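A.B. asks: give me the fold of what follows.
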Amino acid sequence: MVNSDLKWDDPVAVITSKAGKRLWFMKQLRKAGVSQDDLMFYYQSVVRPVLEYASSCWHLNLTKEQTKQLEDVQRRALQVIFGNIPYDEVRRTHNIPTIAERRLDLSRTFFKRIIRDNSNVLWYLLPASVMFKLRLR
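C.D. replies: Residues are numbered from 1 along each chain as shown. This next block holds a predicted model:
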């Protein structure tokens, strides 16, 4: 989904809405007595992929507000899982990166795969200046 003005307001709204629906189910699991480990597994396998889907093509174009909206979904998820422990403390204690950090890491991994494999169809789309720098390595 791309707007005609190339802004990411609508796609971010769709992503946060979709993830929010999955958070609702996670709350139901919490009420049913599902363990924190299982809730964390649910978050990492069902909710977080929605926040990261195709992020390597859009994450650098997000505004601070859009980044905050996506991060708020993770904040809410961790609150469901761990209760009222402060967000930064939960992230630090359980070694959970921010959504922005994860998106950046995913983008770097994606780009590294392209530059490592010159048979990758996307390799040929790299600008000549990037290709020159890669040959120098």
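A.B. asks: can you give me the helices in this structure?
C.D. replies: With helices called from DSSP state H, the chain shows them at 9-31, 36-42, 48-52, 55-58, 64-82, 87-94, 99-116, 128-136.
A.B. asks: centre of the chain to the third one, how far?
C.D. replies: What it means is helix 48-52. Taking the mean of its C-alpha atoms, helix 48-52 sits 5 Å from the chain's own mean (C-alpha atoms, centre = their mean, to the nearest Å).
A.B. asks: what sits up against that helix?
C.D. replies: I15, K18, A19, R22, L70, V73, Q74, A77, I99, R102, R103, L106 (C-beta atoms under 8 Å, 6 or more residues apart in numbering). Every C-beta, even on glycine, is put in place using the N, C-alpha and C of the backbone.
A.B. asks: report how many residues lie close to the fifth one.
C.D. replies: It stands for L70. Residues contacting L70 under the criterion other C-beta atoms under 10 Å number 23.
A.B. asks: skip the chain neighbours and tell me the closest residue to it.
C.D. replies: Residue nearest to L70 in three dimensions, not counting chain neighbours: I99, with 5.0 Å by C-beta to C-beta, 6 or more residues apart in numbering.
A.B. asks: can you give me the pLDDT of the residue positioned nearest the centre of the chain?
C.D. replies: Nearest to the mean C-alpha position of the chain, by C-alpha atoms, centre = their mean, lies E52 at 3.1 Å. For E52, the pLDDT comes out at 87.
A.B. asks: and it, how far is that from R30?
C.D. replies: 22 Å (C-beta to C-beta, to the nearest Å).
A.B. asks: equivalent analysis for R22, please.
C.D. replies: Distance from R22 to R30, by C-beta to C-beta: 13 Å.
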